[in-house]
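Enquirer: build the 3D model from these lines:
(2 chains)
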Amino acid sequence: MTNLNAVDPAAVAQDAHLENADVVIAKSTIIFRRFMRNKTAVAGLAVFLGLTIFSFVGGFFSPWDKETIDPFNIGMPPSGDHFLGTSQAGIDLYAMTVEGTRISIMIGLIVGLVSVLVAAVYGCTMAYFGGKVDKVMLFVLEALIMMPALLVVAVATSGGGDGLKKNLPSWLLLIIVLLVFSWMGTARLIRSMSMSLMQRDFVKAAQYMGVPPRRIVWRHLVPNIGSLLVLDITRGVTGAILAEVAFSFIGIGIKVPDVSLGVLIGGATSQVQTFPWMFWVPLTVMFLLTGSLAMMNDGLRDAFDPSSSSVGRAKKNSTEKMSK
Amino acid sequence: MSTFLEPADPAPTAAERLHIAGLHSPSDAVLSVRDLNVSFNSENGAVHAVRGVNFDLMPGKTLGIVGESGSGKSVTSLAIMGLLPATAEISGSVRLKGRELLGLSDKAMCAYRGNDIAMVFQDPLSSLTPVYTVGTQITEALTIHNPGMSKAAKETRAVELLAMVGIPSPRNRLRAFPHEFSGGMRQRVMIAIAIANNPRVLIADEPTTALDVTIQAQVLEVLHTAQEETGAAVVMITHDLGVVAGIADDIMVMYAGKPVETGSVDDIYYDPRMPYTMGLLGAVPRVDVAEKSSLVPIDGIPPNLLHTPTGCSFAPRCPLVTDACLDGEPALSPVPGTGYHQAACIKSASLGGDVDVHEIFSAPPVPVSRFDLIPRGDRSTVLELKDVRKHFPLTKGALLKRRIGTVKAVDGLSFDIREGECFSIVGESGSGKTTTLLEIMEFHKDQDGEVIIGGISNKQAADAKTKSAMRREMQMVFQDPTGALDPRFTVYEVLAEPLQNAGMDKRAIKKRIMELMNLVGLQPDHVNRFPNQFSGGQRQRVGIARALAVNPKLVVLDEPVSALDVSVQAGVINLLDKLRAELGLSYLMVAHDLSVVRHISNRVAVMYLGKIVEIGEVDRVFDNPRHPYTRALLSAIPVPDPQFERTRERIILQGDLPSPLDAPKGCNFATRCPVFAALPAAKQEHCLTLEPPLEAVQPSAAVEILEAGPVPTPDQQFACFFPDGELDEHMLVVHETAEPHAP
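Expert: Next up is the predicted model:
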């Protein structure tokens, strides 16, 4: 070794420079900036946040709740008393929509986040260890894919799940069932992506440096499929909301007295002619919800993907910096 | 004189005006390109990829276009072929036999493409359609341009073409699919397709870059034959100055989209007048020169083509830059006192004669390691391999796997590396070089054979602690610097990873990283950048810094410079040389570029089909190769010296590396051996049945008498029964050297 251990004033200055860390642009800042550049995505985010806030505080703007029956206004169109009218049972539609939106968003977020997390861990583990581990885990995954989800949901939420139903509200039961059946596709995708990442030299380099497997999966594999994960979360949220609506619509998802957008839409289809507001209001909310998520999805992809084409301005800045 | 090149003259002469009007062809050039400009629109603005290319190509002559990646070579060729995307803006004129090609519709171009003008692409693996037979693809080229040709005639012609490019039993091979051919064979098929309609111009875009050196020699030979047979003019695009030295008549050096020097091959190689050309020539290590001198590094990176340069585009990297260089971009102008040699440098007149490039580019002095003075036997061993084997079973059948054979990827390898030494393994792809590296890096108990790293043997090392001690002794630098760095890590994170793993605290890590950045010649404030903000050479420096982080004794280098441009490569090689001397490192390097190996190594092993066929001190092996395979390998390396290349005797090996499955019982190399082919049958039997051992030559009795006493055995071992045997003359090719073309 030559001069490697000598204290060099320049190096000390560099240390101080680094300490201040004004040169470092945090990755989160870059991603945020890129996301903000996509106007559609920002609009989507605004709508989604607006709906979420509405679902939590909306109840305070109306004296009615989803259980109180107004015997004087049964099946009434929107009026001063009831912003959005009432159902044929005399329950305020506004209160029900607020409640239903909250349940739907909750189901969507929980199922979307947790299923992607499960998928990421499961997929990366399969890819990293390979061999027998991979074979067994893949078999479990295939078995789950082949199980008819619809029937299991129907059985769990109606007859078969009676024991569970006593302790759990129907929306929680639906979350659990949806979770069990929603992560497999993503897990397979993540497995194949991680397998190709495993072939990359930087993973080999980490292995040859003696970095433990857990750290490699967490520091090298997961971040590199990060954009896919985020995309899958938004897609998973949309998917879960739609699944909830569909299941509730055919009557095997959320059960009354619990309310969700699906229950509202399902209940109103038979009377679209007579009580149109009962049908169109929850449907519009659902469209806003899934539409805003789809708009966000696009912006998130641009923000996370380092090679995406819409980095025009950011790229220019970095090249300018390079040339300095 | 075959070709002349003119500067883009703002006031064209009368002849030039007539030529532009298409009324008058100034010569009988088959292809003439005038003021070709290509720009692409990108998000950041227009990228001027090609700016003012001019040349005339005479029938039967070869023009070499040389330059680094991004210099516009390939874009030029694609523009000529009309293969650029519709969004590219192309201006200027491209005339094929006097007819203008630019501005023709895609459909109109089809009449020329594959007929009068044909192209051979870089990657033979992806240029053939996998679902059609080779015969179909050749006849397709014939059918399109000769609709009246009968089926039998087409087949006869296809067979003729395959035979011409040297594919054995062409009639049967017509029905073979591309995957049944090796890379070199596919490139031959590509050439066959390209010359199917006797083109006047053949454009070869890096035709041998993806191939092994021995195969490269074969393919270049085929190109040569093809040119002779068809009389076509060839545009040869390459970054390898060695490849064009032997075959080109004229050279055009491109930089930043502009030709910066043009002239006959001798002018460019022996009397370069542009600092960039001089630097490029000085940056290439020579396989035939033992004398050790540092390579010429060209600092910096090529300019951003978004902005039109206001001065000489090479000025930021040029060591001779003066204020005058920044004042307007110099045009190509004739070098005084020469024929048609032109250079775009205001100093070209003063650069002639014997200007030393090493001085101009201030190449660093040759570093001397403290170990160089200690005899090899007295240094301690850092890595030892004893009879390491890696066999892969080959199975067949979907349900019941039947073992049908064994692939002996590495077959009984033994060697050792001493402190402060660079040991290289060379050989064609498929010879087991990389498998050897992987076997060393794997380091576990169940391996066949013993690997000893820094005194720790894999037979006793089972627990994680010994393993991590071993990892600290040995680190690796990868071939592809882009792939080896996590794109989501900043340089700081990349370098911190091994240090964190070694359990260092934060403050110490920070200090060590700053040291490392200085050590590999990167600016310390670059630690916050992501890998994609660096050039290839800088990325490789980051990779080297990461390998050095934990102070290893041995660094494993897997083709460390093969992904880099020539000028950048020189800087990295110099750095590796310097680090070896300063830090007392040992290297284990795998490389296919023998010139680099000769430059940096102390000892070398030549591998063939999993076995070492020759091993020893690098100068001894390279100057006096004994094994016929080593001789063939060395003769296949192109040398950037036109005179030497023209008169050189080459051994062109027949065929490809045989599949390890049907390796012969005796000497592995017998199937392709030029010595074997010339042996009488009785001796051939010897080669086929017995496996030659790896042995040193004992100095003969006569030498011992002469030296009066026992002579130490030279450090060279080889595995051949008949070293220095007569070579089969069918495998020898000498491009007789008619006249070195007079200006």
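Enquirer: chain A versus residue B:188, what's the distance?
Expert: Distance of residue B:188 to chain A, computed by C-beta to the nearest C-beta, to the nearest Å: 30 Å. Bear in mind the C-beta positions are built from the backbone N, C-alpha and C, glycine included.
Enquirer: ok, residue B:654 - how many residues close by?
Expert: When neighbours are defined as other C-beta atoms under 10 Å in any protein chain shown, residue B:654 has 16 of them.
Enquirer: so what's the closest residue to it other than its chain neighbours up against?
Expert: In space, and not counting its chain neighbours, residue B:654 is closest to residue B:672: 5.7 Å by C-beta to C-beta, 6 or more residues apart in numbering or on different chains. Contacts for residue B:672 (C-beta atoms under 8 Å, 6 or more residues apart in numbering or on different chains) come out as B:653, B:654, B:655, B:658.
Enquirer: enumerate the residues of the stretch 201-350 of chain B near chain A.
Expert: For the stretch 201-350 of chain B, the residues in contact with chain A (C-beta under 8 Å from any C-beta of the partner chain) are residue B:304.
Enquirer: burial count for the closest residue to chain A within the stretch 201-350 of chain B?
Expert: Distances between the stretch 201-350 of chain B and chain A by C-beta to the nearest C-beta are smallest at residue B:304, namely 6.5 Å. Per other C-beta under 10 Å, the neighbour tally for residue B:304 reads 15.
Enquirer: can you tell me the SS state at it?
Expert: Three-state assignment for residue B:304 (DSSP: H, G, I helix; E, B strand; the rest coil): coil.
Enquirer: low pLDDT regions in the chain?
Expert: Let's take chain A. Scanning chain A for pLDDT under 70 picks out A:1-27, A:157-167, A:256, A:305-324.
Enquirer: please refer instead to chain B.
Expert: Chain B contains residues with pLDDT under 70 at B:1-27, B:42-44, B:290-292, B:353-354, B:397-400, B:461-462, B:659-664, B:698-713, B:734-743.
Enquirer: got the domain ranges for it?
Expert: B:14-116+B:197-359, B:127-196, B:370-620, B:627-734 (automatic domain parsing).
Enquirer: between the ones you listed, which one is closest to residue A:175.
Expert: domain B:370-620 (32.0 Å; C-beta to C-beta).
Enquirer: what's the spacing between the host helix or strand of residue B:263 and its chain's center?
Expert: Secondary structure assignment for residue B:263, by DSSP states H and E: strand B:258-264. In terms of C-alpha atoms, centre = their mean, to the nearest Å, the centre of strand B:258-264 is found 22 Å from the chain centre.
Enquirer: and for stretch B:608-624?
Expert: Mean-position distance between stretch B:608-624 and its chain equals 20 Å (C-alpha atoms, centre = their mean).
Enquirer: flag every buried residue along it.
Expert: Residues of stretch B:608-624 classed as buried: B:608-622 (neighbour count, 16 or more other C-beta atoms under 10 Å in any protein chain shown).
Enquirer: of those residues, which belong to helices?
Expert: Using DSSP state H, B:618, B:619, B:620, B:621, B:622 are the members of the buried residues of stretch B:608-624 that sit in helices.
Enquirer: and those residues near chain A, which?
Expert: Within those, nothing lies near chain A by C-beta under 8 Å from any C-beta.
Enquirer: nearest to chain A among those?
Expert: The closest of these, once distances to chain A are taken by C-beta to the nearest C-beta, is residue B:618, at 26.0 Å.
Enquirer: tally of neighbours for residue B:507?
Expert: Neighbour tally, residue B:507, other C-beta under 10 Å: 9.
Enquirer: all helices for the stretch 151-300 of chain A, in order.
Expert: A:162-167, A:170-182, A:184-198, A:201-208, A:213-216, A:222-224, A:226-249, A:261-268, A:276-304 (DSSP state H, counting those that start in this stretch).
Enquirer: how much space between the residue sitting nearest the centre point of chain B and residue B:263?
Expert: Central residue of chain B (C-alpha atoms, centre = their mean): residue B:209, 5.7 Å from the mean position. Applying C-beta to C-beta, to the nearest Å, the value for residue B:209 to residue B:263 is 24 Å.
Enquirer: before we move on, what about residue A:186?
Expert: Counting by C-beta to C-beta, the gap from residue A:186 to residue B:263 is 61 Å.
Enquirer: likewise residue B:130?
Expert: Residue B:130 is 42 Å from residue B:263, by C-beta to C-beta.
Enquirer: what about those two, which has more around it?
Expert: Using other C-beta under 10 Å as the criterion, residue B:130 and residue B:263 rank with residue B:263 on top: 28 against 9.
Enquirer: apart from its chain neighbours, what residue comes closest to the residue of the stretch 301-450 of chain B found nearest chain A?
Expert: Per C-beta to the nearest C-beta, residue B:441 is where the stretch 301-450 of chain B lies closest to chain A, at 5.4 Å. Ranked by C-beta to C-beta, 6+ apart and with sequence neighbours excluded, the top spatial neighbour of residue B:441 is residue A:208, at 5.4 Å.
Enquirer: OK, contacts around the one you found?
Expert: Taking C-beta under 8 Å, 6+ apart as the test, what residue A:208 contacts is B:441, B:471, B:475, B:476.
Enquirer: tell me which of those residues fall in helices.
Expert: Using DSSP H, the contacts of residue A:208 in helices are B:441, B:471.
Enquirer: and the contacts of residue A:208 as TSV, adding neighbour count?
Expert: Listed next are the contacts of residue A:208 as TSV, based on neighbours: other C-beta atoms under 10 Å in any protein chain shown:
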residue	neighbour count
B:441	18
B:471	23
B:475	25
B:476	26
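Enquirer: distance of the closest residue to residue B:336 other than its chain neighbours from residue B:270?
Expert: Distances taken as C-beta to C-beta, 6+ apart put residue B:349 closest to residue B:336, at 5.2 Å, once the chain neighbours are dropped. From residue B:349 over to residue B:270 the distance is 17 Å, taken as C-beta to C-beta.
Enquirer: tally of neighbours for residue 36?
Expert: All of this is about chain A. Neighbours of residue A:36 (other C-beta under 10 Å): 13.
Enquirer: ah, no, chain B please
Expert: 23.
Enquirer: that one belongs to a strand?
Expert: Yes - the assignment for residue B:36, made by three-state DSSP, places it in a strand.
Enquirer: can you name the residues bridging to it?
Expert: Note on residue B:36: beta-bridge partners by DSSP bridges are residue B:53.
Enquirer: contacts only, for the residue nearest to residue B:336.
Expert: Residues in contact with residue B:349 (C-beta under 8 Å, 6+ apart) are B:273, B:335, B:336.
Enquirer: from residue B:269, how far off is it?
Expert: Between residue B:349 and residue B:269 the computed distance is 19 Å (C-beta to C-beta).
Enquirer: before we move on, what about residue B:450?
Expert: 49 Å.
Enquirer: between these two, point out the one with more neighbours.
Expert: Per other C-beta under 10 Å, whichever of residue B:450 and residue B:269 has more neighbours is residue B:269, with 21 against 15.
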